[in-house]
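Trainee: give me a model of this one.
(one chain, ligands or ions: 2)
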Amino acid sequence: MLSKPMQKALNEQIMHEINSAYLYLAMSMHSSSVGLQGFATWLRVQWQEELAHAMKLTEIVHDRGGRVALQAVEKPPAEFKSPQDIFHQVLAHEQKITALINRLYETALKEDDYATQVEVQWFIKEQIEEEKNATTILDQLTMAGESGASLMMLDRALAARAAH
Ligand SMILES: [Fe+2]
Ligand SMILES: [Fe+2]
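Mentor: Ligands and ions are numbered 1, 2, ... in the order given. Okay, the predicted model is just below:
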């Protein structure tokens, strides 16, 4: 059985993952509208991945006899300055999520909840990947610089990210 503080913390993380999904969907929509279909595809896959994170957390709550209470999500921005601006925001957002996941783990430690500690370790590892992905794309955008041709090549490369 989940403790009340643990259930509350897991419910908050569900909201944060759905917020992430919604932010990446907004970024995907914006990329589509400016003709960057590869960026749009990559961000749409990321939207799905964030929803999968949220669903994974709902399963953790349900498996332990807890209750999921969905919360309000934030309205994401509709406009972004550039792909660079988008990936600066993705990286900053994922760094914020890493801090939240770490705090979730702290709650599991404080509650002596060993089962949740094991589950949250998956998310700790996943955040390494999330920050690495955002950093890599941001580095590639920096290399592409002002060159339209380089940006188009990067856009084509990002289009290869398949849904999973
Ligand atoms: Fe996530
Ligand atoms: Fe991931």
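
Trainee: quick check on the nearest residue to Tyr114 once chain neighbours are set aside: phi, psi?
Mentor: Setting aside the residues directly before and after it, Tyr114 is nearest to Ala108 in space (Cβ to Cβ, 6 or more residues apart in numbering), at 7.9 Å. Bear in mind the C-beta positions are built from the backbone N, C-alpha and C, glycine included. With angles defined as degrees, to the nearest 10, Ala108 sits at phi -60, psi -40.

Trainee: got a list of what Ala108 touches?
Mentor: Met6, Ala9, Tyr114, Thr116, Gln117, Val120 (Cβ atoms under 8 Å, 6 or more residues apart in numbering).

Trainee: show me which of those is closest to Trp42.
Mentor: Compare each of the contacts of Ala108 with Trp42 using Cβ to Cβ and the shortest gap goes to Val120, at 26.4 Å.

Trainee: and that closest one, what's its pLDDT?
Mentor: pLDDT recorded at Val120 is 98.

Trainee: look at the residue in the chain positioned nearest to ligand 1 and report its pLDDT.
Mentor: As assessed by Cβ to the ion, ligand 1 sits closest to His53 within the chain, at 3.8 Å. At His53, the pLDDT value in this model is 98.
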